[in-house]
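Peer 1: how does the following fold in three dimensions:
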Amino acid sequence: MTAKPLDCIVLGAGGGAGSAALFHLARRGARVLGLDRFEPGHDRGSSHGETRIIRRAYFEHPGYVPLLLRAYELWADLEARSGRRLLVETGLLQVGPPDGAVVPGVLRSAREHGLEVEELAAAEIEGRFPGFRAPPGFRGVLERRAGYLLVEECVRAHAAEARRLGAELRAGRAGDAALEWRAEGGGVAVRTGSGEHRAASLVIAPGPWAPALLRGLGLALEVRRKPLLWYRTATPDYRADRGAPAFLFELPEGVFYGFPEIAGGELKVSEHTGGERVEDPLRVDRSLRDSDRAPVERFLARQLPGVTPECLRHAVCMYTMTPDEHFVLGRHPAHARVAFAAGLSGHGFKLTCVLGEALADLALDGATRLPVGFLGPERAGLRGI
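Peer 2: Numbers count the residues shown, from 1 in each chain. Model (predicted):
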């Protein structure tokens with residue numbers, strides 16, 4: 001008996017958006033194959049490091065807010081399906097100058113979408129949260145419904161639920177990596193190290209492999225090396241169970257973010273801005289350098305003085321940046337059966353559940369009712385490599 005043809009293949013199914021797309025395709029009853037060089041929840045790309053911030057009052061663009069409201073629904077649904085805790089609401093404190101990008105952007109999104117946030121002066125921040133210091137004249141905004149996602153658990157939950165619904169996932173071996181893809185007749189073909197696969201449609205969720213797998217589009221994508229650092233705390237002021245929030249600071253020297261102490265006296269912090277260009281994601285330097293620690297430790301000394309300079313451990317992930325720092329999501333302009341999501345620019349994991357839903361729609365239906373038009377690949381300024 002001849003096997004039923006595949007409806008879709010997902011490249012990058014071991015990462016955030018790819019595992020979500022695999023789940024949503026399987027949820028819709030599609031016969032789907034996921035491929036990845038690494039197992040779901042791996043630490044070789046952009047979807048690892050234990051935690052990622054989730055928030056609704058989005059300073060980057062108000063257009064993300066409807067997608068975030070959907071994301072909260074989808075993460076709750078995945079929690080219920082998988083029986084795993086994935087999202088923890090600790091609140092988020094965002095601090096910056098009153099004429100910067102962060103505080104005005106948060107307030108704009110909150111106004112446009114009726115979201116509840118609380119404004120705080122610099123002195124009020126320290127009074128409310130004794131472990132934090134804000135520069136004089138800076139403002140803070142507190143969003144109580146924000147918090148963090150357990151990133152590897154989210155990826156594994158999407159992959160496990162996809163498999164439970166009938167998806168096939170080949171991952172964890174070099175032979176499962178996609179070497180090339182091509183449109184062929186009324187569908188697509190994908191060549192891996194272990195063979196060739198064909199399907200009616202293709203989803204590409206390549207993470208830092210986007211410049212290679214989407215090279216024909218000429219998108220101006222840059223992959224950056226991003227260290228994540230964990231430090232020992234010296235006071236209980238940063239404990240989540242004592243009311244400490246996740247945090248993000250927009251400062252003249254850069255943007256820094258982190259999480260409350262969750263367990264074991266460790267606080268995770270990183271610099272969002274900057275980052276060394278990565279030419280080959282398989283060969284990114286995963287060591288910890290003095291130059292990785294220095295800006296973070298200066299930030300901690302000034303803004304979180306109860307955190308010691310004792311770096312306990314680190315990880316290295318990668319951002320895939322677009323010129324405007326917004327995602328690219330849509331159908332391939334030359335191949336209508338190919339949908340892709342790329343360039344999440346260091347703020348995309350919280351939305352991977354929604355991106356997966358949109359990618360499934362685009363692959364199976366050619367369109368989605370989700371309001372993702374502002375992220376389309378046809379917008380100006382994305383090309384130029």
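Peer 1: nearest residue to E253 other than its sequence neighbours?
Peer 2: Leaving aside its sequence neighbours, E253 sits nearest to P295 (Cβ to Cβ, 6 or more residues apart in numbering; 6.8 Å). The way it works is simple: take the backbone N, C-alpha and C, and place the C-beta from them, glycine included.
Peer 1: what about dumping the CA coordinates of the helix or strand where that neighbour lies to PDB?
Peer 2: Using DSSP states H and E, P295 maps to helix 290-303. Provided in PDB are the C-alpha atoms of helix 290-303 (Å, rounded to 0.1, in the frame of the first residue of the first chain):
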ATOM      1  CA  ASP A 290      35.500  39.000  30.400                       C
ATOM      2  CA  SER A 291      33.800  41.300  27.700                       C
ATOM      3  CA  ASP A 292      30.600  39.400  28.200                       C
ATOM      4  CA  ARG A 293      30.600  40.000  32.000                       C
ATOM      5  CA  ALA A 294      31.800  43.500  32.200                       C
ATOM      6  CA  PRO A 295      28.800  45.500  30.900                       C
ATOM      7  CA  VAL A 296      26.400  43.200  32.900                       C
ATOM      8  CA  GLU A 297      28.300  43.600  36.100                       C
ATOM      9  CA  ARG A 298      28.400  47.400  35.700                       C
ATOM     10  CA  PHE A 299      24.700  47.300  35.300                       C
ATOM     11  CA  LEU A 300      24.200  45.100  38.300                       C
ATOM     12  CA  ALA A 301      26.400  47.300  40.500                       C
ATOM     13  CA  ARG A 302      24.400  50.400  39.700                       C
ATOM     14  CA  GLN A 303      20.800  49.100  39.300                       C
END
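Peer 1: buried sites along whatever helix or strand comes next after it?
Peer 2: For helix 290-303, the following helix or strand on the C-terminal side (DSSP H and E) is strand 307-321. Within strand 307-321, the residues that qualify as buried are V307, T308, C311, H314, A315, V316, C317, M318, Y319, T320, M321, counting by 16 or more other Cβ atoms under 10 Å.
Peer 1: the fifth one: what's it in contact with?
Peer 2: Contacts were defined as Cβ atoms under 8 Å, 6 or more residues apart in numbering; by that measure A315 touches D43, H48, G49, P227, L228, R286.
Peer 1: what distance do you get for the residue lying closest to the first one once chain neighbours are set aside to A334?
Peer 2: Translated: D43. In this structure, D43 finds its nearest non-sequential neighbour in A315, 6.4 Å apart by Cβ to Cβ, 6+ apart. Distance of A315 to A334, given as Cβ to Cβ, to the nearest Å: 37 Å.
Peer 1: closest to E116 among the contacts of A315?
Peer 2: Of all the contacts of A315, G49 has the smallest distance to E116: 28.6 Å, by Cβ to Cβ.
Peer 1: nearest to T368 among the contacts of A315?
Peer 2: Among those, and counting by Cβ to Cβ, the member closest to T368 is H48, at 27.5 Å.
Peer 1: quick check, that closest one in contact with P40.
Peer 2: No - applying Cβ atoms under 8 Å as the test, H48 and P40 come out as separate, 10.6 Å apart.
Peer 1: ok, those two, which is more surrounded?
Peer 2: Neighbours around H48 and P40, counted as other Cβ atoms under 10 Å, are more numerous at P40. The numbers are 27 against 21.
Peer 1: on that earlier part again, any idea of the angle the helix holding P295 forms with strand 307-321?
Peer 2: Helix 290-303 and strand 307-321 are oriented at 120 degrees to each other (axes from the mean of the first three to the mean of the last three Cα atoms, to 10 degrees).
Peer 1: buried residues in helix 290-303, which are they?
Peer 2: D292, R293, P295, V296, E297, F299, L300, Q303.
Peer 1: so the last one sits against R133, correct?
Peer 2: It refers to Q303. Yes - with contacts counted by Cβ under 8 Å, Q303 reaches R133, the gap being 5.1 Å.
Peer 1: okay, and the common contacts of those two?
Peer 2: Common neighbours of Q303 and R133 (Cβ under 8 Å, 6+ apart) do not exist.
Peer 1: now stretch 68-80: buried residues?
Peer 2: L68, R70, A71, Y72, L74, W75, L78, E79.
Peer 1: part of a helix, is the third one?
Peer 2: Right, A71. Yes - counting by DSSP: H, G, I helix; E, B strand; the rest coil, A71 is located in a helix.
Peer 1: which residue sits closest to it in space, ignoring its chain neighbours?
Peer 2: Leaving aside its chain neighbours, A71 sits nearest to V354 (5.0 Å; criterion: Cβ to Cβ, 6+ apart).
Peer 1: list the buried residues in the host helix or strand of that neighbour.
Peer 2: Using DSSP H and E, V354 falls within helix 352-365. In terms of neighbour count (16+ other Cβ under 10 Å), helix 352-365 has its buried residues at 352-364.
Peer 1: let me have those in a markdown table, adding distance to F259 and pLDDT as columns.
Peer 2: Output for the buried residues of helix 352-365, formatted as a markdown table (distance: Cβ to Cβ, whole Å; pLDDT from 0 to 100):
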| residue | distance to F259 | pLDDT |
| --- | --- | --- |
| T352 | 18 | 98 |
| C353 | 20 | 98 |
| V354 | 22 | 98 |
| L355 | 23 | 98 |
| G356 | 24 | 98 |
| E357 | 26 | 98 |
| A358 | 28 | 98 |
| L359 | 28 | 98 |
| A360 | 30 | 98 |
| D361 | 32 | 98 |
| L362 | 33 | 98 |
| A363 | 34 | 98 |
| L364 | 36 | 98 |
